[in-house]
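**Student:** fold the following, please.
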Amino acid sequence: MKNPITLFIFTLTLLLPACGDSLTGVVDQQDALIKLRLLEGSPTLAQKMRGIWIIGGLYGNSIGTAIPQVDLYDPDTDTWFPSITSIPYPVSFASATSVNSNIYVIGGFRSDGTVAILAQEYNILSNTWTLKSTTGFTAKANVLGVVSDNKIYILGGSTGIASAAWGGTQNTQNYNPADDSWVSLLATTLPAVGTERFVLSYNGVIYHMGGRITNATTFSATHDGYTCSSNANTSTAETVLLNPPNQRTGIAGAVYQYINGTVRVFIAGGITALTGCTGNYILQSTTAITTQSAFQYISNPFTGAWANATALPQAIGFSSAVVKGGYLYVFGGIQSISSFSAKTYCISLDPLGAAWDQTKVDMPIARYGHSAVVINQ
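**Tutor:** Now for the predicted structure:
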């Protein structure tokens, strides 16, 4: 009998700068990214369900470098599956979440700098994209969405184009995938007009912190809560973010519940200075940025003290993070106005690790202003 043949599939992925909705354009050789990946077939349904989906973001210092390719990471095997699908309308600094095994990408900046009046739904079972209703939705970028009771909540954000003078909002809207509808909620959810507010949901309350307020270069240290059922801000003052320094934007993080019932919020990295920035886009006229490597947590009730844990291996902002299997994974991010990370870091949360695992396979492409999504989490 002949020896069995193992078939390996080599995929060559060329990423081109997008022009509006088109993926054609003049390729800047310094910005063109070519990735040669060794794959053993396609991901199984189990890998899609347990994996971490990396969606949206930029690969360069231009708002026109929005990334269409969606990549899948299987943490169980430390394997990347590049370009599982391509988002129809590439966006950055958008909301990306999962409800009922679908992924929803809402708002964000398009490659021409306009704000996307879009709600894009991806069905992982059929591998299809569908445009959903935006009736009642105020198009926003610089937002992070969060799911509570199978509804997607959007807090604050920018309504102006990327190059326009910075401006934020305070209000909350939610999208209900069950009936494809939008509802405008509390008009003063945020303590001030803001953008890039980090958000997470626990027990019917959306906790939000950091972001930009007042102008393009001023950052928030506040940590507040919004109760979904009563459409009201929490009455208890949450603890402000911990130095060094507490004011920041571009935070990544997640919430984790331990077996013993303890609940902790973890936050990582961020940006504490955008020198020269004038616009809604963080690199609009920006000459330098200051990134942080801080890794911190606070335990429920979230009125106590923040604590420092082992810092990230590098200072980054606008990365993305999720919890999976008792580990926190952090993907990519921006390091400077011309340096962007493709790193995959992880650290044990139970027990809390003393060091970050830096041996994980890099992302297929460096990106920032993106989202990491786990199905139905």
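**Student:** part of a strand, is residue 342?
**Tutor:** Yes - under DSSP: H, G, I helix; E, B strand; the rest coil, residue 342 falls within a strand.
**Student:** residues in contact with it?
**Tutor:** 332, 362-367 (C-beta atoms under 8 Å, 6 or more residues apart in numbering). Quick note: C-beta positions are derived from backbone N, CA and C, even for glycine.
**Student:** of the residues you listed, keep whichever come out buried.
**Tutor:** Buried by 16 or more other C-beta atoms under 10 Å: 332, 363-367, out of the contacts of residue 342.
**Student:** so residue 347 sits against residue 358, correct?
**Tutor:** No - counting by C-beta atoms under 8 Å, residue 347 stays clear of residue 358, with 10.1 Å between them.
**Student:** which one of those two has more residues nearby?
**Tutor:** Each of residue 347 and residue 358 has its neighbours counted (other C-beta atoms under 10 Å); residue 347 has more, 21 against 12.
**Student:** using CSV, write down the CA coordinates of stretch 97-111.
**Tutor:** Extracted C-alpha coordinates of stretch 97-111, given in CSV (Å, rounded to 0.1, in the frame of the first residue of the first chain):
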residue,chain,number,x,y,z
THR,A,97,-20.1,41.7,19.2
SER,A,98,-21.8,38.3,19.0
VAL,A,99,-25.5,37.4,19.6
ASN,A,100,-27.0,34.0,18.9
SER,A,101,-24.0,32.7,16.9
ASN,A,102,-23.9,35.7,14.7
ILE,A,103,-21.3,38.5,14.7
TYR,A,104,-22.5,42.1,14.4
VAL,A,105,-20.2,44.9,13.2
ILE,A,106,-21.8,48.3,13.8
GLY,A,107,-20.6,51.8,12.8
GLY,A,108,-16.9,52.7,12.6
PHE,A,109,-14.9,54.7,10.2
ARG,A,110,-14.9,53.7,6.6
SER,A,111,-11.8,53.9,4.4
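**Student:** please flag which of the contacts of residue 342 sit within helices.
**Tutor:** Residues from the contacts of residue 342 lying in helices, with DSSP state H as the criterion: none.
**Student:** could those be laid out in JSON lines, adding pLDDT and distance to residue 122?
**Tutor:** Below are these laid out as JSON lines (pLDDT from 0 to 100; distance: C-beta to C-beta, whole Å):
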{"residue": "332", "pLDDT": "99", "distance to residue 122": "20"}
{"residue": "362", "pLDDT": "98", "distance to residue 122": "24"}
{"residue": "363", "pLDDT": "98", "distance to residue 122": "19"}
{"residue": "364", "pLDDT": "98", "distance to residue 122": "18"}
{"residue": "365", "pLDDT": "98", "distance to residue 122": "18"}
{"residue": "366", "pLDDT": "99", "distance to residue 122": "22"}
{"residue": "367", "pLDDT": "99", "distance to residue 122": "17"}
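**Student:** JSON lines for these, including distance to residue 103?
**Tutor:** What follows is the contacts of residue 342, written out as JSON lines (distance: C-beta to C-beta, whole Å):
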{"residue": "332", "distance to residue 103": "18"}
{"residue": "362", "distance to residue 103": "23"}
{"residue": "363", "distance to residue 103": "17"}
{"residue": "364", "distance to residue 103": "18"}
{"residue": "365", "distance to residue 103": "18"}
{"residue": "366", "distance to residue 103": "21"}
{"residue": "367", "distance to residue 103": "16"}
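**Student:** picking up where we left off before, most widely separated two among the buried ones among the contacts of residue 342?
**Tutor:** Using C-beta to C-beta, the buried ones among the contacts of residue 342 span at most 10.6 Å, a distance reached by 332 and 364.
**Student:** one step back: and which of the buried ones among the contacts of residue 342 is nearest residue 67?
**Tutor:** residue 367 (5.6 Å).
**Student:** low pLDDT regions in the stretch 101-250 of the chain?
**Tutor:** 237, 244 (pLDDT under 70).
**Student:** isn't residue 232 up against residue 225?
**Tutor:** No - assessed by C-beta under 8 Å, residue 232 is found out of contact with residue 225, at 9.8 Å.
**Student:** neighbour-wise, which of the two wins?
**Tutor:** residue 225 (20 against 13).
**Student:** and the strand or helix carrying that one, what does it pack onto?
**Tutor:** Using DSSP states H and E, residue 225 falls within strand 223-227. Applying 3 or more C-beta pairs under 8 Å, 6 or more residues apart in numbering; DSSP states H and E, one finds that strand 223-227 contacts strand 205-209, strand 232-233.
**Student:** starting at the chain centroid, how far to the longest one?
**Tutor:** The reference is to strand 205-209. Remark: strand 205-209 is offset 15 Å from the chain centroid, using C-alpha atoms, centre = their mean, to the nearest Å.
**Student:** what's downstream of it, the next helix or strand?
**Tutor:** strand 212-213.
**Student:** how far out from the middle of the chain is that next one?
**Tutor:** On C-alpha atoms, centre = their mean, the centre of strand 212-213 falls 18 Å from that of its chain.
**Student:** where's residue 124 relative to residue 229, distance?
**Tutor:** 30 Å (C-beta to C-beta, to the nearest Å).
**Student:** contacts only, for residue 100.
**Tutor:** 150, 177, 376.
**Student:** which pLDDT value goes with it?
**Tutor:** Here, the pLDDT recorded for residue 100 equals 94.
**Student:** give the contact list for the nearest residue to residue 319 once chain neighbours are set aside.
**Tutor:** Leaving aside its chain neighbours, residue 319 sits nearest to residue 333 (3.1 Å; criterion: C-beta to C-beta, 6 or more residues apart in numbering). By C-beta under 8 Å, 6+ apart, the contact list for residue 333 reads 250, 252, 269, 291, 316-320, 340-341, 343, 368.
**Student:** need those in CSV with neighbour count and distance to residue 54, can you?
**Tutor:** Converted to CSV, the contacts of residue 333 look like this (neighbours: other C-beta atoms under 10 Å; distance: C-beta to C-beta, whole Å):
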residue, neighbour count, distance to residue 54
250, 28, 17
252, 28, 12
269, 28, 16
291, 24, 20
316, 29, 15
317, 28, 17
318, 28, 13
319, 30, 11
320, 27, 7
340, 23, 13
341, 26, 12
343, 21, 12
368, 28, 11
